[in-house]
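> got a sequence here, can you model it:
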Amino acid sequence: MKLFVSEGAPGSLPVLAAAGRAQGRAELLISTVGPEECVVPFLTRPKVPVLQLDSGNYLFSTSAICRYFFLLSGWEQDDLSNQWLEWEATELQPALSAALYYLVVQGKKGEDVLGPVRRALTHIDQSLSRRSCPFLAGETESLADVVLWGALYPLLQDPAYLPEELGALHSWFQTLSSQEPCQRAAETVLKQQGVLALRPYLQKQPQPGSVEGRAVSNEPEEEELATLSEEEIAMAVTAWEKGLESLPPLRPQQNPVLPVAGERNVLITSALPYVNNVPHLGNLIGCVLSADVFARYSRLRQWNTLYLCGTDEYGTATETKAMEEGLTPQEICDKYHAIHADIYRWFNISFDIFGRTTTPQQTKITQDIFRRLLTRGFVLQDTVEQLRCERCARFLADRFVEGVCPFCGYEEARGDQCDKCGKLINATELKKPQCKVCRSCPVVKSSRHLFLDLPKLEERLEEWLGKTLPGSDWTPNARFIIRSWLRDGLKPRCITRDLKWGTPVPLEGFEDKVFYVWFDATIGYLSITANYTDQWERWWKNPEQVNLYQFMAKDNVPFHGLVFPCSALGAEDNYTLVNHLIATEYLNYEDGKFSKSRGVGVFGDMAQDTGIPADIWRFYLLYIRPEGQDSAFSWTDMLLKNNSELLNNLGNFINRAGMFVSKFFGGYVPEMVLTSDDRRLLAHVTLELQHYHQLLEKVRIREALRSILTISRHGNQYIQVNEPWKRIKGSEADRQRAGTVTGLAVNIAALLSVMLQPYMPTVSATIQAQVQLPPLACSVLLTNFLCTLPAGHQIGTVSPLFQKLENDQIESLRQRFGGDQARAPPTPAVVGAVAAAAPQQVQVLMDEVTKQGNTVRELKAQKADKNQVAAEVAKLLDLKKQLALAEGKPLETPKGKKKK
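Presented below is the predicted three-dimensional model:
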C-alpha cells in the first residue's frame, strides 16, 4: 500500500495518526507530495491524502482511509463511532473551517475565531463528561477519536483556543496529543509552524459564510423553502379542492381491540415502569410518552392499534420498598400502581390497557414458557455462589447489593448491572460488596439455581436478527447494544432467585424460589394483554399479522432485544417478537441527574403542582427527546420554547387565523380565490406534511415535531405578507384577497390541530373546538393538505391557546426542584459569557428578536432587495447575540439549515 500525504493539508493529520495504529499489520509506504500533485489518475483536481491499495484501488476520503487502518489494526466498528463521524462531517467541519480561515487567512483572534466552534467544542466536552469515559466511544480509543483529534489539532494546539472550563475535552485532547503516532503526524504535517502551515491550503478555500453570526439563535433557523415543480403544485391544489370527500370512513371501534386480517395491526408497548418508585421526566420521555405519540399517530393513520403498559411489580425492589415503608409487598404494589396510573392519566397517556404483573395470568404464561424451555433442553441447573447477609439472615438478591463494578470501577454498581458501563454483573463479582439494607459486608454461600442456556439459543437469535433488522426501525443504539452482547458471546443466565415475592418456579426442588424479574418482566406484556382479552394469543402468537413496536430507554434493550426473544424462540410457540425496537438515550436534569432522595428534578407527581399544563410538559419533553444522544431538561430553555415556539409562533398564528374569521367575516369561513402564491403555499404545506409522515413512520418523533412548527411559521409569514387586516378595509378586490388569505390560514390551523394531536392532545382538541372542525377530519390524517373548512363553514369562539411563562415563575421552580444543587456554589463563568441580565431586560430582547424576525420573514416573502434583507438580517443576528449575552450564555454555533 502507498499513502500520499502533503505538508499543510489538514486531512493528512488523522490519516498519519491512524496509519501509526496499523504499523506492522501490512507493508505501507508513506510518500509526501506537493499540494498541486495529482495522485489519483482519474481525478481532475489534486487530492490528498490518498491511500493506494495493493489492488490498485484508491481511497481518498480522510474518514475512509482512517477506517481502513483501524480495521487493519483489529478494531471493530460500532454505531457510536459512526454517529461521531457523521457529526464531524456535517457539524464540526463547517464550523472549524470557518474558524481556521478567520485565524490563518484573515488574521482574526480571540472570540472571532472561537465563536464559530464553541458550540461544537462544548458538545464534545459534554458528551465525554456524561459518559464518564476517556474516549468518545468508550474506554478505548476509536476511529472517531483520531478523526476528531486530527480535525481539531491545528486549532486546539494553541491553548488560547482550548477553553479551560471544558475539562473533559482538555483531558481527551491532551491524552491523544501525547501519543507517539499523533505527535509524529503533527510534526510531519505542521513542520513546527503550527497552524500557519495550513495557510497555503486555506487560501485556496472559498471564504466561509458568517458562521458566528448565527451563533446565538434560541429559535430554529429560517427554513429554506423547497423548489417546487408545476406538477407538485397542481397535485397539491387538486387534493385541496377535493376536501372532506377525500377522507375515508372511520374504522369501526372494537372492544376489545383485536388483529384484523388484511389490515395493518400495530401492537405498541412501553417498558413496564417499576412499581416501587415515582417516574421522573426522563422515565416519561424514555418510554411512556414516546410510545403514546406513536400510538396516537397510528390511530390517526387508521391503523388497527393496541397500546399497552403496566407496572412491573415482582422482585427485590418491591421487597426493599415494603421493608422501608412497613407494608407488605402487595400493599406497596397497590399503592404505587395507583400513583403511576394517576400520573399517566394527568399526562394524557392513551393506553388501551394499563395493567400489572402480579396476576394469575402472569404466573400461568411465565410457567408455560418455562416448561416449554425446560422440555426442549434450554434450562440448566447449577450451584451458584451467592451473597448472604448474616445480619439480615437471608440471601441477597442482586438489587440488595451494591459495590464496585469489576469492569469499569464505578463505585455504586448494582448486583445485577452497572449503570455506568451497562454490563450485566453477577453479584459475587462486585468488589467491596455491601448489603443495601444494613450496610454490612455479605459472605459467599452456595445455592442451587436454574439457568437459561443462551449459548444454545444464540444461533436461533442470530437467524431471527438477520431477518428482522434489515428494513426495520430499530434505533442505532439498540442495534449496537445487541451486537456488542453477541460479539462478546452469550453466556447462561440465572433465571431464579431466593425470594418470596415473585412468580413461583414450577419444578421440584425449587419450590422456595421465584423467577428472576428480568426473565419474567417482559412476559408481563403478554399477561397484561391476557387480562384485557382472553383472545390475547391473536396478538402475541401471530407474527405474520402483527407489527410489534417496543419503546424503552437504552438500559432495557438487552431484555427486549435478546432475553425475551431467546425465551420465545426456545419455547417454539410462534410468539410475536419485536419488529421495531425504539430506544432513547438518557434525559438529564439541568447539569446533573434526577434524584428523588436529594430532591433534584421534576417527578411525575410534582409536575401537576407547577401550574404548567400537561400539554406544555409533553411538548417540551418531546422537543428535547434524547434520540441520538443524551439531552438535558433546562428550565430556561423550557421558558424560551414555550414563549417563542408555542406562544409567538404556533399560538400566534392559530389565534390570528381564527380571529380574522370572527372579526372580519362574522365567524364564517370566506370564499377563497387562489392565486399562484396561494397554490405554491398549498404545495409547501403539503410537502412539510408529507415530511412529517415520513418521520413519524420511522418513529423520529422529535424531528416530526419540527415540521408542525415549520408549517406554523409558513402561516405566520403568509399572514404578515398579505396583511388581511389592511386589505379588509380596501377595495372589493382587496376584501376578496383578505378573504382568501383568512380562509387558507384557518384551514392551515385546522391541519395543525390534527398534526398536533399525538403531541398535545388537549391543545389539539381546543383548536378543533374553536374552528368547529368536522369529527371525521379530527380523526384521520392523510398525506395531503385538504380544505376541511370550506367557504360558509361557521367556526366557534376563538381564544388564546398558550400563556407566557415568566422569568420569576421559572426561577422559583428551578429553586424548588434544585435540591442540593440549589445550595451549591455557583459554577465558574464560561469564557465568552457574561452574567445574566435582569429578567425584564431579557424579555424586552426576546420581544425585539421576535419582532425583527417577523420583519425579516416579511422581506424575504416579498423578495425584497438583497441588500435590504441583509441589513435587516444583520440587525436580527445582533439582537440574538445581545439576547444570548443577556442570558449569560456562550455564543454557540447552531446546526445548519434544514434542506428539503
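> residue 381 - how many residues pack around it?
Other residues near residue 381 come to 12 when the count uses other Cβ atoms under 10 Å. Quick note: C-beta positions are derived from backbone N, CA and C, even for glycine.
> going forward can the numbers begin at 41, since that is how I track them
Taking 41 as the first residue, the last one we looked at is residue 421.
> A strand includes it, no?
Yes. Judged by DSSP: H, G, I helix; E, B strand; the rest coil, residue 421 forms part of a strand.
> wait, what's in contact with the residue lying closest to it once chain neighbours are set aside?
Excluding the flanking residues, the one nearest residue 421 by Cβ to Cβ, 6 or more residues apart in numbering is residue 490, at 6.0 Å. By Cβ atoms under 8 Å, 6 or more residues apart in numbering, the contact set of residue 490 is 419-421, 534-536, 545, 547, 550, 553.
> what segments of the stretch 191-340 of the chain are strands?
305-310 (DSSP state E, counting those that start in this stretch).
> what stretches of it score poorly on pLDDT?
Within the stretch 191-340 of the chain, the ranges that satisfy pLDDT under 70 run 249-266.
> same check, this time on the chain
Looking at the chain by pLDDT under 70, you get 82-85, 171, 249-266, 636-638, 860-887, 901-908, 911, 914, 918, 921-940.
> in it, which residue is closest to the centre?
residue 667 (1.5 Å; Cα atoms, centre = their mean).
> spatially nearest residue to it (excluding sequence neighbours)?
Take residue 667 and drop its neighbours on the chain: the residue closest to it by Cβ to Cβ, 6+ apart is residue 742, 5.3 Å away.
> what is the burial count for the one you found?
Burial of residue 742 is recorded as 20 neighbouring residues (other Cβ under 10 Å).
> repeat for residue 178
Residue 178 has 17 nearby residues by other Cβ under 10 Å.
> and the strands in the stretch 591-740 of the chain, which stretches?
Going by DSSP E, counting those that start in this stretch, the stretch 591-740 of the chain shows strands at 620-624, 627-629, 671-673.
> so which of those strands is the most surrounded?
Among the strands of the stretch 591-740 of the chain, strand 620-624 has the highest mean neighbour count (mean count of other Cβ atoms under 10 Å), at a mean of 25.
> where's that strand relative to the chain centroid, distance-wise?
Offset of strand 620-624 from its chain centre (Cα atoms, centre = their mean, to the nearest Å): 10 Å.
> adjacent strands (with direction) for it?
strand 586-593 (parallel) (DSSP bridges).
> between the partner strand and strand 305-310, how many degrees?
Interaxial angle, strand 586-593 versus strand 305-310 (axes from the mean of the first three to the mean of the last three Cα atoms, to 10 degrees): 20 degrees.
> residues in contact with strand 586-593?
Applying Cβ under 8 Å, 6+ apart, the set of residues contacting strand 586-593 from outside is 299, 304-311, 322-323, 326-328, 330-331, 334, 513, 579-580, 600, 616-626, 739.
> in strands, which of the contacts of residue 490 fall?
Among the contacts of residue 490, DSSP state E puts 419-421, 534, 536 in strands.
> can you flag the buried ones in those residues?
By neighbour count, with 16 or more other Cβ atoms under 10 Å, these hold 419, 534, 536 as buried.
> buried residues in stretch 372-389?
Those buried within stretch 372-389 under the rule 16+ other Cβ under 10 Å are 372-373, 376-377, 379-381, 383-384, 387-389.
> want to throw those residues into a markdown table with secondary structure?
Putting the buried residues of stretch 372-389 into a markdown table (three-state DSSP) gives the following:
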| residue | secondary structure |
| --- | --- |
| 372 | helix |
| 373 | helix |
| 376 | helix |
| 377 | helix |
| 379 | helix |
| 380 | helix |
| 381 | helix |
| 383 | helix |
| 384 | helix |
| 387 | coil |
| 388 | coil |
| 389 | coil |
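> can you pick out the most distant pair from these?
With distances taken as Cβ to Cβ, the most widely separated pair in these is 372 and 388, at 26.5 Å.
> so what are the domain limits for the chain?
42-243, 305-423+492-624, 688-834, 879-927 (the TED database).
> switch the ones you listed over to a markdown table; also include distance to residue 634.
Output for the domains of the chain, formatted as a markdown table (distance: least, Cβ to Cβ, whole Å):
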| stretch | distance to residue 634 |
| --- | --- |
| domain 42-243 | 14 |
| domain 305-423+492-624 | 4 |
| domain 688-834 | 20 |
| domain 879-927 | 24 |
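> quick one: the host helix or strand of the residue nearest to residue 667 to strand 620-624, angle?
Per DSSP states H and E, residue 742 falls inside helix 741-762. Between helix 741-762 and strand 620-624, the angle comes out at 80 degrees (the same axes, to 10 degrees).
> quick one: buried residues of helix 741-762?
Counting neighbours by 16+ other Cβ under 10 Å, helix 741-762 gives 741-760, 762 as buried.
> could I have that helix exported to CSV, CA atoms only?
Extracted in CSV, the C-alpha atoms of helix 741-762 (Å, rounded to 0.1, in the frame of the first residue of the first chain):
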residue,chain,number,x,y,z
ILE,A,741,-40.7,11.8,16.9
ARG,A,742,-38.6,14.9,17.8
GLU,A,743,-37.9,15.8,14.2
ALA,A,744,-41.5,15.4,13.2
LEU,A,745,-42.5,18.0,15.8
ARG,A,746,-40.3,20.5,13.9
SER,A,747,-42.5,20.0,10.8
ILE,A,748,-45.5,21.3,12.7
LEU,A,749,-43.6,24.4,13.8
THR,A,750,-42.3,24.9,10.3
ILE,A,751,-45.9,24.9,8.8
SER,A,752,-46.9,27.4,11.5
ARG,A,753,-44.0,29.7,10.6
HIS,A,754,-45.1,29.5,6.9
GLY,A,755,-48.6,30.5,8.0
ASN,A,756,-47.4,33.5,10.1
GLN,A,757,-45.2,34.6,7.2
TYR,A,758,-48.2,34.3,4.8
ILE,A,759,-50.4,36.4,7.0
GLN,A,760,-47.7,39.0,7.6
VAL,A,761,-47.0,39.5,3.9
ASN,A,762,-50.7,39.7,2.8
